[in-house]
Every structure is written in C-alpha cells, then in structure tokens.
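Student: Provided below for reference: sequence and predicted model.
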Amino acid sequence: MPLPYDEKGTLLVADLTEKKTQIKPIPRDIHSKYYLGLGYNTWLLNQKTSPDTDPFGAENIVIISPGLLTGTDAPASSRVEVTTKSPLTDLIGTGNSGGHWGLRLKKAGYDALMIKGASKKPVYLSIQDHKIQFIDAESLWGLDTYETTSQLTKRHGPETSIMTIGPAGERLVRFAAPVFDKQHMPGRCHAGGVLGSKKLKAVLVKGTGTIKLHDPDAFNEAVRESEKRIRSYPGWKARAKAGSMGTIGITDTGVDYDEIVGPYLKRGPQGVYCPCMMESLYGCNLLADVKDGPYSGVDVACAGITLYSGTAERYGISLPAAFHFNELCQRLGMDMFGPFFYAYELSQRGILTEKHLGFKLEYGDEKALMKLLRMVAYREGFGDVLAEGSTRAAQIIGGGAERYIPTVKGLEVMQPDARAALKGNIFTVLSVLTNPRGGDDLKGTHGVSNYPGHASWAIKLGISEEEHSKWLLDWLDMPPDYKKIVFGDPQDTANPDELLITIWYNHLTSVYNSLGFCMFASSVADALGPTYQARIYTAATGVQTKADEIMEAGERIFNLMRLYVNRMGVTSKDDHWSETYYTEPSLAGKELAPAFSKEETQRHLNRYYKLRGWDPETGKPLPETLKRLKIVL
Ligand code: SF4
C-alpha cells in the first residue's frame, strides 16, 4: 500500500481486551508539528494517560512508531520509538531501536501502532498488510527473545520482523524492554513489563507496500549530498577499525580500543542489521567473534562497542564476558543499565551481603554477574527485589541503601559513578539531569565529541587544535547567528557556551528520534544538522520546511516531554543527583569529589530554565513558552 506523505498518517490501534483493531487518522497538524516517532508518541501518551494511570494496568498504552523518514533511503533512518508510561519511573518511558520492524510497519500501511487493554491469555499480534490477527501464544510464553524470534520466523517466513518480550517482561520486571529483530533493544522504554502485563508476547509485521515520496528526484539529490557530507567527516578514519563511532571521540582516556576489541569482532553482511546503507561506515554490522573459552559462539551484534568495553571495565570482566552479559540482557529482555551496578556498590559498602544474595558479589566474578542477571529476570530469590529497580529496591533493602540510589528521576544513570565519569562537562551533566525520561544523556549531548577544545580523534590524526577549531566552526550545521552566541565573536571552540550547546542538542536529538535518524550515525559527527534534515523532509513530504522550523519542532517535542513529566509530578527539585552524590566521596576511587557542587549545579540549572522559558520553581514551561511553540494540550 503506498503511503503518500501529503495525506494524513495512519494509526493502527490494537485492543487486547476486545481483540479488535481500528484504524485512525493521525491529525495532519499533529503530524507536521511533532512528526512521528518520539514526537507523536509523546503527544499521544499525553492524550491517553494521566497521573492515575497504573503502568501495569490495562489502561496503560504502548505506542510504537517509526520515525517519519524511516523506511526511506534517508541516511541512517531505520529507527522506531517505543513509548509508554514507565513502571520504573511512573514518567515517560521511551526508547529508540533499529532493525527492519519500522520499515515493515510502514510498508504494511501504518505509521504507528497503539496497543491498549489486556488479554487474559498470552497472544501475539500478527500484522501482514491488512490482515491483522491476535494469535494464541501459550507455546511461546517462557521462551527468551532469540527463541521466540526464531520460532515466529519459522512460522511466518523470513520477510517478517519481530518485536518480542522475554522472561523479564513476562515477570513484570520494571526495567524490562522488548527486543526487535533479535538484536535491537529500546532499553530505556521499560515497555517490556507493560507488554507482559497485557500478555502480549510479540508483534510481528510484514508489509508488501511501497513508500511514496513527494519528489523522488529532489529527495535522492538531498540524500546524496547528506551521504557525501557524512562520508567526508575526518573523524571516521580514526574510528573505522573498532567500528563504533563514539569509541575514540568520547572517551579521551588514551586507551586504544581498536587493539582491545579488534580480535573479538568480525564483519557481518551488509543490510541485515538495519535497512541502513551506512552500517559498514559506522561498524554496526560488526558481530562478536569469540572462538574459544567459556563464551565462544556468543551471539551478539556490536554496534556501539563502547557499551561492551564500558561493561567490561565496570564489572571488571573480560570483553567476551561483556558480550555474554549483553546477550543475556537481550535474550531475557531487560535494560542492561538496570540496578546491577547499584547492587555491586551496595555489596562493596557492606549493605548487600551474602545473606541477601546467597553468594558473594565481587568485581571480576563473571559467574556471579550472570547468575544475578538470571535471578532478576526470573524474579528468583533476591532477584525479585532488584527487579523493582534501584529506588524501590533501596526501600526494601534499607540499612542506608537509599543514600546510594544511582538514579535521576527514578532512572538509573548509565555511568557507574556519574560524578567521576562526567567531571568537567557541565553540558553532559545537564543533559542527564534535564532529560525528561531521567538518568541518561541520550536526549542531549550524547556522543558530541568535537568540543570543547581539541577532539581526541583530531589529536590522533595529527590535526592541531587551531585547525580543528577552524574545521569545526566551518563544518557545524548551525545557523550563523546561533554559532556566534555559542562560540563568541571572534568564534572559539575552546570555551563554548555549554548551556546553549546542551539546549541545541536537546532539540536536535528530539528531531532525530522523531524523523527516525539514528543517534549512532548522526550525532557524533554532527553530520546531519537541521539544514540537511529540512531538505530531506521537504523533498519527502512536500511540506516546505526550513532549518529553523526543524529546530523549533525539536524544541516543541522536548518541551512536550517535559510537560508530561511535570504532569506526573516532576519539578525543578528533581533535576538533581541524589544528595549523596554531592556530599559523599565516590567509591570509584580516582575522582573523590563531585564534578559540580549542588550550588554550582543549581546556578547552571537556573540559567538553563531562563534560557528555555521555564519557571525556575516548578520547572514547568511558562505559558508564553507554550504559546510561542504552539503547544496545546
Ligand atoms: S547507523 Fe547502524 S544502528 Fe543506526 S540505523 Fe544504521 S545500521 Fe542501524
């Protein structure tokens, strides 16, 4: 079925209580104001849920929407966003995934899927163009995500895409997440347990339609130019071998990740991981290649290799064990950044003991870590407590555990000790603290590796600081007036206005997640800024759009997320680390002091609110901000 972009979008509603589906139009003004993906999902979540919605109740919804450009040839635009009211945070749970699922949903004729109600027995949903069925899933219940995917692929053929939950979702682990096409997980959406509470094991899609573009010639030209720009980014050369875009740029540790990870990687076939022609450039089709030892044959794709090297460092385990850790999280269907590191910290502090767990939890003990994962996913023994997430677990554990809760707004921070990891980077700190969904920088400066100062990839390539600064100022796709405010006059990348950078990336990442661009591909290199996105969008949809309108849409989407969490009770007081982060030494050892004191952080936050047009007390967007952004609830 062709999908003309100049008509209204199509929402497929699947009601699990009634076992009925309905097709609803996506209002045109909503489509153009919020796009699809994150923007549309946030708008719909605002419409359909309230502070009274029980995340595990039948009244909660799960929205799965590919980005507006997902399925087209726009570079790295394969993404799909999953959004729900989070059972972990009671706020917005939203996460982004790759794979072919989004493309296939579009080809089946739908721009978004909303799941509501709850089934009494396990079912899966099969969407094959216009044929939509609720099918008994008793025989799949209990299987892990790899096994479910393989069974459903056998049953329905290889041209299908499968999103499924694992044992963690079935047992309502609060940070469980679904897995798409076996290897992709929107880890921070927390929709796994919500789908489990609805007894929905999987959603498979198969589509045979085509995706119609408004002006194919203009679109192809815009795509060609974007790809050329991406490929001309000099930082690639320093990153190509290890395969992960951020590997060298973000971590200025002097560690040569190429040498560490190279022996354990092999390149997979092109086009299998995502329908994205950029994957060999970004190294997303790198697969784990462990030939011997206890983890030989580990089955996991290695896009974002920093995650694995980070896991290995974090738990003091080998890289093959870190691959296995990730494979287990994927198979069991839960966010790898759950409360696991918190358990280690409590254990190190003597708050969590062998009496709780039944075994010692020590850094470097790979078997203990894998055992812990399984206990949590199956809610066995003390795993039942950790399955509640750090904040709830702390209340059960007591004995001072509350002092060390590693969350912001209830969501575990990705870095084991953020004050050590983020030292000196107020833009990354603020990205974490102000992310509406909570503790990570993925709605902000995540992956921004070019400033301040001299990027490590440039040092590696022998590019001087002055040359790098000139290159960056020329390269950055940012309006000249904004560049002047950010970098001063004359412009200098050594001391940018870090708050304005934070805000810029809050908006840009909101657009990526709504148009369907991949953060792996786009953000690190600042490769696809608003000018390029506006050209591609205009050619695809026929809606004339300029770069500033793209950024305004990003601002609108970010503010709408903030409004949702404000409705759920978040105020400016929640834009902070837990008190202990400011007052007690870190166990990380190297960096004993917090990067910024509470007063300093508050000073930055106050300016951030002012720049944004938010009330500093309530942390809510002011009425004039909502009016300027044309946000109507
Ligand atoms: S850049 Fe990599 S992870 Fe991103 S959409 Fe392309 S293949 Fe997938």
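Tutor: On my side now, so go ahead. Numbering: from 1, shown residues only.
Student: where does the nearest residue to T353 once chain neighbours are set aside fall, secondary structure wise?
Tutor: Spatially, and ignoring its direct neighbours in sequence, T353 is nearest to S347 (7.4 Å; CB to CB, 6 or more residues apart in numbering). C-beta here means a position set from N, CA and C on the backbone, and glycine is covered the same way. Element membership of S347, judged by DSSP states H and E, is helix 340-348.
Student: from the chain's centre, how far out does that helix sit?
Tutor: Here the centre of helix 340-348 is set off from its chain's centre by 24 Å, with CA atoms, centre = their mean, to the nearest Å.
Student: and if you look at stretch 166-176?
Tutor: Chain-centre distance of stretch 166-176: 18 Å, with CA atoms, centre = their mean.
Student: measure that stretch end to end?
Tutor: Stretch 166-176 has an end-to-end distance of 8 Å (CA to CA, to the nearest Å).
Student: so which bits of it are buried?
Tutor: For stretch 166-176, a neighbour-count test (16 or more other CB atoms under 10 Å) marks 166-176 as buried.
Student: hmm, who's touching it?
Tutor: Stretch 166-176 has contacts (CB atoms under 8 Å, 6 or more residues apart in numbering) with 56, 87-88, 141-145, 148, 165, 177-179, 190, 192-193, 195-197, 201, 330-335, 338-339, 376-379, 387-389, 392, 412.
Student: for L88, see how far away R174 is.
Tutor: 4 Å (CB to CB, to the nearest Å).
Student: ok so, going back, of all the buried residues of stretch 166-176, which comes closest to the ligand?
Tutor: Distances from the ligand to the buried residues of stretch 166-176, taken as CB to the nearest ligand atom, are shortest for G166 (20.8 Å).
Student: out of the buried residues of stretch 166-176, which are inside helices?
Tutor: 167-170 (DSSP state H).
Student: for the closest residue to the ligand within the stretch 401-550 of the chain, which non-adjacent residue is closest in space?
Tutor: Nearest residue of the stretch 401-550 of the chain to the ligand: C518, at 3.1 Å (CB to the nearest ligand atom). What sits nearest to C518 in space, not counting adjacent residues and going by CB to CB, 6+ apart, is A76, at 4.0 Å.
Student: need the overlap of contacts for R174 and L88.
Tutor: Shared contacts of R174 and L88 (CB under 8 Å, 6+ apart): 190, 389.
Student: could you single out the nearest of the buried residues of stretch 166-176 to R437?
Tutor: In terms of CB to CB, no member of the buried residues of stretch 166-176 lies closer to R437 than F175, at 12.2 Å.
Student: just the pLDDT for the closest one.
Tutor: On pLDDT, F175 comes in at 98.
Student: likewise for the one 5 residues further on?
Tutor: F180 carries a pLDDT value of 97.
Student: what does H468 give?
Tutor: Looking at H468, its pLDDT is 83.
Student: now do the SS call for it.
Tutor: What DSSP: H, G, I helix; E, B strand; the rest coil gives for H468 is helix.
Student: as CSV, the buried residues of stretch 166-176 with distance to N566 would be great.
Tutor: As requested, the buried residues of stretch 166-176 are exported to CSV (distance: CB to CB, whole Å):
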residue, distance to N566
G166, 33
P167, 35
A168, 30
G169, 28
E170, 33
R171, 32
L172, 27
V173, 27
R174, 22
F175, 23
A176, 26
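Student: let me see the ranges of the strands in the stretch 51-200 of the chain.
Tutor: For the stretch 51-200 of the chain, applying DSSP state E, counting those that start in this stretch gives strands covering 62-66, 80-85, 92-97, 112-116, 123-128, 131-136, 161-164, 179-180, 200-206.
Student: may I see the buried residues of the longest helix along the chain?
Tutor: When the chain is parsed with DSSP H, its longest helix is helix 547-567. Using 16+ other CB under 10 Å as the test for burial, helix 547-567 gives 547, 549-567.
Student: cool, and stretch 293-301?
Tutor: Within stretch 293-301, the residues that count as buried by 16+ other CB under 10 Å are 295, 298, 300-301.
Student: quick check, nearest of those to the ligand?
Tutor: Nearest to the ligand among the buried residues of stretch 293-301 is A301, at 8.9 Å by CB to the nearest ligand atom.
Student: so the closest one sits against N285, correct?
Tutor: Yes: applying CB atoms under 8 Å, one finds A301 in contact with N285, separated by 7.4 Å.
Student: residues shared between the contacts of the two?
Tutor: By CB under 8 Å, 6+ apart, the residues touching both A301 and N285 are 268, 273.
Student: quick check: domain ranges of the protein?
Tutor: As given by automatic domain parsing, the domain ranges for the chain are 9-206, 240-333, 426-628.
Student: nearest to G383, of those domains?
Tutor: Nearest of the domains of the chain to G383, taken as CB to CB: domain 9-206 at 8.9 Å.
Student: that older thread, kindly calculate the angle that the longest helix of the chain makes with strand 80-85.
Tutor: Counting by axes from the mean of the first three to the mean of the last three CA atoms, to 10 degrees, helix 547-567 lies at 30 degrees to strand 80-85.
Student: state the next helix or strand along the chain beyond helix 547-567.
Tutor: Stepping forward along the backbone from helix 547-567, the first helix or strand reached (DSSP H and E) is helix 579-583.
Student: returning to what we had before: would you mind checking the average pLDDT for the helix holding S347?
Tutor: Average pLDDT, helix 340-348: 93.
Student: hmm, who's touching that helix?
Tutor: 314-315, 352-353, 357, 360-363, 369, 372-373, 376, 386, 390, 393, 397, 401, 404-406, 412, 416, 587.
Student: of these, which belong to strands?
Tutor: Secondary structure defined by DSSP state E assigns E412 of the contacts of helix 340-348 to strands.
Student: report the buried members of the contacts of helix 340-348.
Tutor: For the contacts of helix 340-348, a neighbour count by 16+ other CB under 10 Å gives the buried set as 314-315, 352, 357, 361, 369, 372-373, 376, 386, 390, 393, 397, 401, 404-406, 412, 416.
Student: from those residues, which land in helices?
Tutor: Using DSSP H, these in helices are 314-315, 357, 369, 372-373, 376, 386, 390, 393, 397.
Student: hmm, back to that, please, a ChimeraX command that selects the buried ones among the contacts of stretch 166-176?
Tutor: Entered in ChimeraX, the line below selects the buried ones among those, by 16+ other CB under 10 Å:
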select :56,87,88,141,143,144,145,148,165,177,178,179,190,192,193,195,196,197,201,330,331,332,333,334,335,338,339,376,377,378,379,387,388,389,392,412
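Student: alright, that wraps it up for me.
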